[in-house]
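sequence plus predicted model, see below.
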Amino acid sequence: DAMVIQNPRYQVTQFGKPVTLSCSQTLNHNVMYWYQQKSSQAPKLLFHYYDKDFNNEADTPDNFQSRRPNTSFCFLDIRSPGLGDAAMYLCATSSIGRGLSYNEQFFGPGTRLTVL
Amino acid sequence: EDQVTQSPEALRLQEGESSSLNCSYTVSGLRGLFWYRQDPGKGPEFLFTLYSAGEEKEKERLKATLTKKESFLHITAPKPEDSATYLCAVQAYQAGTALIFGKGTTLSVSS
């Protein structure tokens, strides 16, 4: 089945220790997104790639970086995690429809990040 | 500022007791409104997309409707397995691809 896969599902890191989260997709979608979701809050978009074009949200901290080496994979790098970065990180994909309309986004299962 | 508000925050129903969840939005130029279901510890699961006022979509016990200011998710004769958080999100023309999510309604259905 076509899907969005995230690894690891659970990640524990120490304060200030860099961490990388991984996302892969078999949907062949050209747009990939990273969201942050804190407990009982709405998912918040961090950035997205349209093919290889990187689009950063204005309020995404510089501590967060992303790489998309090919269509299938996208990585989220947190350079110096703080306690406030503990959250669920969600990867999503979508395709561009007719008239350049963006279709629905499909989400992976998420990575739960704990910062000690 | 584009905004999405969902109500109620939490809803408890008995099995078979139908009800509706509300999503009100303010957005300058609605491209689409999306409903997702999210189970604890999992990613959101896509349910529906609505594009224009008057549009309706159905899937099993769920029916989504859209007006110019709000959307409703109607749940008919719910079952315990319908228990989840239901998220509403909008996409605005000016915001490109970004989805603006509401905080969700957590539904609990007891047998």
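Perfect, I can see it now.

adjacent strands (with direction) for the lowest-mean-pLDDT helix or strand in chain A?
Using mean pLDDT, DSSP states H and E, strand A:53-56 stands out as the lowest-scoring helix or strand of chain A, at a mean of 90. Partners of strand A:53-56 in the sheet, by DSSP bridges, are strand A:44-50 (antiparallel).

spit out the contact partners of residue 20.
Looking at chain A here, since you left the chain open. Residue A:20 makes contact with A:75-78, according to C-beta atoms under 8 Å, 6 or more residues apart in numbering or on different chains. (Glycine included, C-beta is placed from N, CA and C.)

correction: the question concerned chain B.
B:72-75.

10 Å - rerun?
Listed by C-beta atoms under 10 Å, 6 or more residues apart in numbering or on different chains, the contact set of residue B:20 reads B:11, B:63, B:65, B:72-76, B:105.

show me just the buried residues among those.
Buried by 16 or more other C-beta atoms under 10 Å in any protein chain shown: B:11, B:63, B:65, B:72-73, B:75, B:105, out of these.

farthest pair in those?
B:11 and B:65 (17.3 Å; C-beta to C-beta).

contacts only, for residue B:47.
Residue B:47 sits next to A:104, B:34-37, B:57, B:59-60, B:62, B:64, B:73, B:86-88 when contact means C-beta under 10 Å, 6+ apart.

the same query, at a cut-off of 7 Å, please.
Neighbouring residues of residue B:47 by C-beta atoms under 7 Å, 6 or more residues apart in numbering or on different chains: B:35-37, B:59, B:62.

I am finished for the moment; much appreciated.
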